[in-house]
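Colleague: Predicted model and sequence follow; I will ask about them next.
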Amino acid sequence: MSSKKRYVLVGAGGRAEFFYGALTEKFRETSELLAFCDINHTRMAYANQLLKDKYDHPEVNTYGADQFDQMIETEKPDSVIVTSVDRTHHKYIIRAMELGCDVVTEKPMTVDEEKCQEILDTVQRTGRNVRVTFNYRYAPHHTKLRELIMDGVIGEVKSVHFEWLLNTQHGADYFRRWHRDKRNSGGLLVHKSTHHFDLVNFWIGSQPETVFAFGDLMFYGKENAEERGVTAFYERATGNPIAKEDPFALMLDSNEHLKSMYLDAEHEDGYRRDQSVFGDGINIEDTMGVLVRYKNKAILTYSLVAYQPWEGYRIAFNGTKGRIEVNVTEQSYVNSGGDKALEGALKGKSINVFPMFAAPYEVHVEDAEGGHGGGDPVLLNDIFGTPKPDKFNRAANHIDGARSILTGIAANKAIRTGLPVSIDSLVKF
């Protein structure tokens, strides 16, 4: 009997290749891919074509979204990889556990507190494992920050300032896709910021307690464009002459991968990957500020803006013995528009420590290749390969997944109500 761990994957869109490419290329000795499941058969056929042409791997079986139970019964996987639209994560996570499988899920684990509670309850009921793929934890410079704080280099962390900038290529991409509808994604405070809130939980070794936030759509969307004097609008970019003059436009027919995955597949589900970022129907925020108090009394001030000239972030940790300042510039990208290794890849970084009564110094961390600051290859080995003992406990479970999204979910509620939100009022662990 094979000792390989058996996987099926649900959701064959832009994020899926990150997982099935690794499974069928680098981790063939330890892992086996059995099947795809998706609402769109054209997209699954293209994924199978990539398996053959790019990864020299046989085609796998395909199942429609309504055949999920049948897939589990037929293929008998050990684990289900979930890379579907965010609002459907809970559906597949829960059903996979009920059918006796463990789960590897893309972030965010889900998009609201009700779905989160359902997942937590199902883990408790079934005893199955849920792994959330927080690749940023594995980036060497992020791990180093965890180490510096664990070692007490700046004493107890009392406050964190975290500013993340998405540029006009990557940031705009969320407003072209299904993410633009908060029902699908939870907005950027859930879909994107789950990475950042998880990092803070991971770094300071605590969990959020109370959240307050402001946020609004201030740049993208038709009304904002009209206020800036724009008069020419379009619904989708591909094939539209007006879009040729728009630097924010995405032409699906100019990129063979995007064309095959989306343009050639849209006749099945109607999904348009190239919507105008200055169109109607956008109900997520592009400018957000969040204030969080943690169980250990530390305070986070967080900013996310999705229309800046450069991509990256700045962080400051203030402790009882000093301060750490972090500056990172990342490679910009369009999801599924190029090499996966360039998604969030480092362009530059610095970590500087300012002791309270000593000279400041820079902490040098060796660069690592791969997406998300070099974290992607380490994460993939930790899931599919032969992981090593990890004193930093970077592997994230359902509790970590819940605590990260609950900060964003609470922030969304605070934006709606104008009131601070207690995390304990949202779910019960």
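Modeller: Received it, and whenever you're ready, just let me know what you need. Residues are numbered from 1 along each chain as shown.
Colleague: Verify the contact between Val334 and Leu250 for me.
Modeller: Yes. Counting by CB atoms under 8 Å, Val334 touches Leu250, with 6.7 Å between them. (Each C-beta comes from the backbone N, C-alpha and C, glycine too.)
Colleague: Touching both of the two, which residues are there?
Modeller: Asp173 (CB atoms under 8 Å, 6 or more residues apart in numbering).
Colleague: between the two, which one's more packed in?
Modeller: Leu250 (25 against 18; other CB atoms under 10 Å).
Colleague: Relative to Ala243, how far out is the more buried one?
Modeller: 9 Å (CB to CB, to the nearest Å).
Colleague: Common neighbours of the two, please.
Modeller: Looking at what touches both Leu250 and Ala243 (by CB under 8 Å, 6+ apart), the common residues are Ala237.
Colleague: What is the burial count for Arg272?
Modeller: 18.
Colleague: If we ignore the residues flanking it in sequence, what's nearest it?
Modeller: Computed as CB to CB, 6 or more residues apart in numbering, the closest residue to Arg272 that is not its neighbour in sequence is Arg236, at 5.3 Å.
Colleague: now the one you found: how far from Phe219?
Modeller: Arg236 sits 20 Å away from Phe219, taking CB to CB as the criterion.
Colleague: and what of Gly64?
Modeller: 38 Å.
Colleague: ok, these two, which is more surrounded?
Modeller: Phe219 (20 against 14).
Colleague: Can you tell me the element that one falls in?
Modeller: Phe219 is located outside every helix and strand, with elements delineated by DSSP states H and E.
Colleague: and the gap between it and Ala213?
Modeller: 18 Å.
Colleague: What residues of stretch 261-269 count as buried?
Modeller: Met261, Tyr262, Leu263, Asp264, Ala265, Glu266 (16 or more other CB atoms under 10 Å).
Colleague: okay if I get those as a markdown table plus distance to Ser159?
Modeller: Below are those laid out as a markdown table (distance: CB to CB, whole Å):
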| residue | distance to Ser159 |
| --- | --- |
| Met261 | 43 |
| Tyr262 | 43 |
| Leu263 | 47 |
| Asp264 | 50 |
| Ala265 | 47 |
| Glu266 | 47 |
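Colleague: Which of those sits closest to Glu73?
Modeller: Ala265 (26.7 Å; CB to CB).
Colleague: who's in contact with the residue lying closest to that closest one once chain neighbours are set aside?
Modeller: Closest residue to Ala265 apart from its sequence neighbours, by CB to CB, 6+ apart: Thr42 at 3.9 Å. Contact analysis of Thr42 by CB under 8 Å, 6+ apart lists Asp264, Ala265, His267, Glu268.
Colleague: Leu406 versus the second one, what's the distance?
Modeller: Going back to what we said before, that points to Ala265. 34 Å.
Colleague: Confirm that Leu166 sits in a strand.
Modeller: Yes. Leu166 forms part of a strand when assessed by DSSP: H, G, I helix; E, B strand; the rest coil.
Colleague: and it, how far is that from Pro420?
Modeller: From Leu166 to Pro420 the distance is 26 Å (CB to CB).
Colleague: Quick one: name whatever helix or strand follows the helix or strand hosting Arg403.
Modeller: Secondary structure assignment for Arg403, by DSSP H and E: helix 398-417. Once the chain leaves helix 398-417, the next helix or strand it forms, by DSSP H and E, is strand 421-422.
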